[in-house]
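1. need a structure here:
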Amino acid sequence: MTSLEPQHATEDQEPWGSPLLERSRELGGGYAAARLRLLQEKARTGPERRTALARLTDDWLAGLFAAAAPPRGTALVAVGGYGRGELSPRSDLDLLLLHDGTADKAAVAALADRLWYPVWDLGLALDHSVRTPAQARATAADDLKVQLGLLDARPLAGDTGLAAALRSTVLADWRNQAVRRLPELAELCRDRAERSGELRFLLEPDLKEARGGLRDAQALRAVAASWLADAPRHGLDTARRRLLDTRDALHLATGRATDRLALQEQDAVAKELGLLDADTLLREVYEAAGTVTYASDVTWREVGRVLKARSARPRLRTLLGGRTGAGKQPVERTPLAEGVVEMDGEAVLARSARPDRDPVLPLRAAAAAAQHGLPLSPHAVRHLAATAPPLPVPWPAEAREALVTLLGAGAPAVSVWEALEAEGLVTRLLPDWERVRHRPQRNPVHTWTVDRHLVETAVRAASLTRRVGRPDLLLVAALLHDIGKGWPGDHSTAGETIARDLAARVGFDRTDTATVATVVRHHLLLVDTATRRDLDDPATVEAVATAVGTVGTLELLHALTEADALATGPAAWSAWRASLVADLVKRVTGLLAGEPLPDPEAAAPSAEQERLAVEALRTGEPVLALHTQPVPESDEPEPVGVELVIALPDQPGVLPAVAGVLALHRLTVRAADLRAVDLPTELGTGSVLVLDWRVAAEYGSLPQEHRLRADLLRALDGSLDIPARLAEREAAYPRRRGVAAPPPRVTVAPAESRLATVLEVRAQDAPGLLHRIGHALEGAAVRVRSAHVSTLGANAVDTLYVTRPDGSLLPDEEAIDLARALEEALG
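-> A predicted model of the protein is given here:
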């Protein structure tokens, strides 16, 4: 923690004499003690503490100024956050020593030293400058950040008239130059958002720099000061106060001047604020940031409209010969829907609209705005929220169709939905939405909060509606698929019940309501099954067919699976996942149509597998073949990974050896099938193990076959220490400090297959995980039939199909014991 106790230099180093030095020390010691008492008080928090800290600091600095015998024509001015009186526990002090230019330069420099040194002695961060009003004005003209700071200038001591005159001049300059300056400020905000991200969707947000943070709130104040446009005031002060309170708590919890709400600090910050937990903290911070973001969007849109209108007026007057009133042309209003028109690039209410008698108007206006790619006027939304009566339950068909139209508009629906959210209309329409609003998702694979993810999924689904027979059910299911995340337990199970209620509320009949509920219940079924189960096992396909019931439901699930993954983040969907899901859907469609499933036990080895097996039996050594795998049914084949076929004489330790070698060569395992092939020999038959691996290169380049083969030989004879090599590589890239990963968990999937016992291993993803699993299984009397690997972010789910050496399933007790032993070995 930075010390607040005086850290004095020796007297011969001080820039002033002994009496001034003693007075400075006396003032500094009193201020440090009073500051510490204030920050330790529990009774004063939030705005009251910030104001008290600013006043305490004002008095201290005013005392320093007076004790320093300042020359005439000088003033000490607080600017920026300190000028606004918003001092957090570890905030910088932004100070300007202003002088009129008449005082001796040496005297002004000595005064500056007498002010700055005591601040540094207390270990406080200081942003300082010494300028005349003309210099300050010129610097502000060249540096937008300086001008923004001066807009909040506040005199602390000295010639208050000099300080007030500067503030008035800077404010006048800001208003006179607004047409040029505001686009610069908008660009500054965009650049900052590009660097720092959007606060309401970040797990470790920067409370100041991220979009929707304190910098953006300050920018809105600057826009309002220009008199060119103003921000929506509703909730903005509360949001800004919440962000400031959180920053105060962060400073107190860490003892540092930081604005980044790191994961490891969130519980302490929540406790400092009296909140339940870190998730509650993030929800409040996200809600505040959402308010600032919405206000920013509305404000900058209004700024753009005003600037465009101003630039058009001179041209219009020129065209009309400079006639008086040329700029006062009637505003065009274009009808969009009943009670809704376009005006000035926004969807607004028509003069004939009667929102107090039209409960469908909010949805109709939203649908019209989204369909035409227009923002919904904030004034219209506020008026609708205040006057429109609630919809009857179930909704009339027009309301349901308007909701579907809104969701089907694609990307433009997002801003319209947020406008409805800002005024509380979404939770009025869908009461269960409240539980997912601003709810964080701790898995870093997720880009969005739960509520925004649902909207983004509907946006993605809008582009897939041509693939399904019921686009309306797809869009509504997309909007509701994670609605259960606001409740305890499995969110798919909870979501089924909520989706059933909401679908009925929206006005779907019983059949459609049941379909929506089924799709929500099983929205993870296809991707989980395709990536974690053996698709050649008839039980896998039969289980999915039983769950979905109809081809219509299956096609809805297929489209929702893709939309959900695309809306999750780039790590959640790939050509490989898409090809596996498509393969599963094709098999289930055939089964639902009455086509028989092939018997995997009757399948003979492929020609290549048999050729490699013969070669391995002849040489007594491993034989390899690498092939890229294109996307099925793609106009432009795209590699989704590599098929690696390995044949070698059957022997112990094959699975961990191959998995370890692949990990060393940075090949990510996606799936593995293992089968024994018996071949005739002069002495009878010889057994060869054929392993068919699907892998992907982490960095895009594949290793050479001869290097893989050489390392595999060394791994099998024990001369290659795979665990040591993997440990060396992991040590070279130390992991960032954060939340500790939960321990591995191994479970037996009941009745998942008639061919093998299915084990699911859930663990932190790490290089060589399958190698460790294979090594742990070596001591058990089991044979691995196949392995399927699914990874999302830092989490891996490895599914193993195992049998006894004779090919039979493991008894239940034996399977449970194996799962426990594997869990202990991995832990």
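2. which stretches of this protein have low pLDDT?
-> For the chain, the stretches flagged by pLDDT under 70 are 1-28, 312-330, 602, 629-641, 681-685, 699-700, 733-740.
3. number of nearby residues for residue 375?
-> 19 (other C-beta atoms under 10 Å). C-beta: built from backbone N, CA, C; applies to glycine.
4. Could you grab the helix/strand/coil label for the residue nearest the centre of the chain?
-> Nearest residue to the geometric centre of the chain (C-alpha atoms, centre = their mean): residue 447, 3.4 Å. Under DSSP: H, G, I helix; E, B strand; the rest coil, residue 447 falls in the coil class.
5. wait, what's in contact with the residue nearest to it when sequence neighbours are not counted?
-> Excluding the flanking residues, the one nearest residue 447 by C-beta to C-beta, 6 or more residues apart in numbering is residue 569, at 4.3 Å. Contacts for residue 569 (C-beta atoms under 8 Å, 6 or more residues apart in numbering) come out as 445-447.
6. any idea which of the residues you listed is closest to residue 461?
-> Using C-beta to C-beta, residue 447 comes nearest to residue 461 of the contacts of residue 569, at 16.4 Å.
7. Regarding the closest one, what are the backbone dihedral angles?
-> Dihedral pair for residue 447: phi -80, psi -30, per degrees, to the nearest 10.
8. residues contacting it?
-> Contacts of residue 447 by C-beta under 8 Å, 6+ apart are 201, 453, 456, 567-569.
9. neighbour-wise, which of these leads?
-> Neighbour max across the contacts of residue 447 (other C-beta under 10 Å) = residue 567, 25 neighbours.
10. Confirm for me that it is in contact with residue 463.
-> No. If you go by C-beta atoms under 8 Å, residue 567 and residue 463 don't touch, sitting 11.3 Å apart.
11. coming back round to it: what are the phi and psi angles of the residue nearest to residue 447?
-> The phi/psi pair for residue 569 (degrees, to the nearest 10) is phi 160, psi 170.
12. what separates it from residue 459, distance-wise?
-> To residue 459, residue 569 is 14 Å away according to C-beta to C-beta, to the nearest Å.
13. And the strand or helix carrying residue 556, what's buried?
-> If you go by DSSP states H and E, residue 556 is part of helix 551-568. Buried residues in helix 551-568, counting neighbours by 16 or more other C-beta atoms under 10 Å, are found at 553-568.
14. go on, stretch 756-770?
-> 756-763, 765, 767-770.
15. ok, now stretch 338-351?
-> Buried residues in stretch 338-351 (16+ other C-beta under 10 Å): 339-343, 346-350.
16. can you list those in TSV and add secondary structure and distance to residue 752?
-> Listed next are these as TSV, based on DSSP: H, G, I helix; E, B strand; the rest coil; distance: C-beta to C-beta, whole Å:
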residue	secondary structure	distance to residue 752
339	coil	55
340	strand	53
341	strand	58
342	strand	56
343	strand	60
346	strand	55
347	strand	51
348	strand	57
349	strand	56
350	coil	59
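17. Rebuild the residues you listed as TSV, extending it with distance to residue 105.
-> Converted to TSV, the buried residues of stretch 338-351 look like this (distance: C-beta to C-beta, whole Å):
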residue	distance to residue 105
339	69
340	66
341	64
342	61
343	59
346	56
347	61
348	59
349	63
350	67
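18. List just the nearest of those residues to residue 35.
-> Distances from residue 35 to the buried residues of stretch 338-351, taken by C-beta to C-beta, are shortest for residue 346, at 48.9 Å.
19. mind checking the SS state of residue 605?
-> coil.
20. check contacts around it.
-> 613, 675, 677, 690.
21. again, but for residue 560
-> So residue 560 contacts 457, 461, 474, 477-478, 481, 519, 523 (C-beta under 8 Å, 6+ apart).
22. repeat that for 6 Å
-> Each residue near residue 560 by C-beta atoms under 6 Å, 6 or more residues apart in numbering is listed here: 477-478, 523.
23. Please tell me how far it sits from residue 409.
-> In terms of C-beta to C-beta, residue 560 sits 18 Å off from residue 409.
24. What of residue 466?
-> 15 Å.
25. Looking at these two, which one has more neighbours?
-> It is residue 409, of residue 466 and residue 409, that has more neighbours when counted by other C-beta under 10 Å, with 23 against 7.
26. ok, for the more buried one, nearest residue in space, not its chain neighbours?
-> residue 370 (3.6 Å).
27. same deal with residue 424?
-> In space, residue 424 is closest to residue 385, 6.1 Å off (C-beta to C-beta, 6+ apart).
28. about what we covered before: turn the contacts of residue 447 into TSV, columns for distance to residue 628.
-> Formatted as TSV, these follow (distance: C-beta to C-beta, whole Å):
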residue	distance to residue 628
201	36
453	33
456	32
567	29
568	26
569	25
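29. Among the residues you listed, pick out the one closest to residue 797, please.
-> Closest to residue 797, out of all of the contacts of residue 447 and judged by C-beta to C-beta, is residue 568, at 15.6 Å.
30. What segments of the stretch 651-800 of the chain are strands?
-> Using DSSP state E, counting those that start in this stretch, the strands of the stretch 651-800 of the chain run over residues 667-681, 684-697, 745-749, 757-764, 783-792, 795-803.
31. Can I get those strands in JSON lines including distance to residue 380?
-> Shown next, in JSON lines, are the strands of the stretch 651-800 of the chain (distance: least, C-beta to C-beta, whole Å):
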{"stretch": "strand 667-681", "distance to residue 380": "51"}
{"stretch": "strand 684-697", "distance to residue 380": "50"}
{"stretch": "strand 745-749", "distance to residue 380": "51"}
{"stretch": "strand 757-764", "distance to residue 380": "49"}
{"stretch": "strand 783-792", "distance to residue 380": "41"}
{"stretch": "strand 795-803", "distance to residue 380": "44"}
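32. Out of these, which is closest to residue 290?
-> Using C-beta to C-beta, the strands of the stretch 651-800 of the chain put strand 783-792 closest to residue 290, at 26.1 Å.
33. Between helix 551-568 and that closest one, find me the angle.
-> Orientation note: strand 783-792 sits at an angle of 60 degrees relative to helix 551-568 (axes from the mean of the first three to the mean of the last three C-alpha atoms, to 10 degrees).
34. SS state for the closest residue to residue 257 other than its chain neighbours?
-> Leaving aside its sequence neighbours, residue 257 sits nearest to residue 90 (C-beta to C-beta, 6+ apart; 3.6 Å). Of the three states, residue 90 takes coil under three-state DSSP.
35. Just to be sure, residue 520 is in a helix?
-> Yes. According to three-state DSSP, residue 520 belongs to a helix.
36. That one and residue 497 touch, don't they?
-> No. Taking contacts as C-beta atoms under 6 Å, residue 520 lies outside contact range of residue 497: 9.2 Å.
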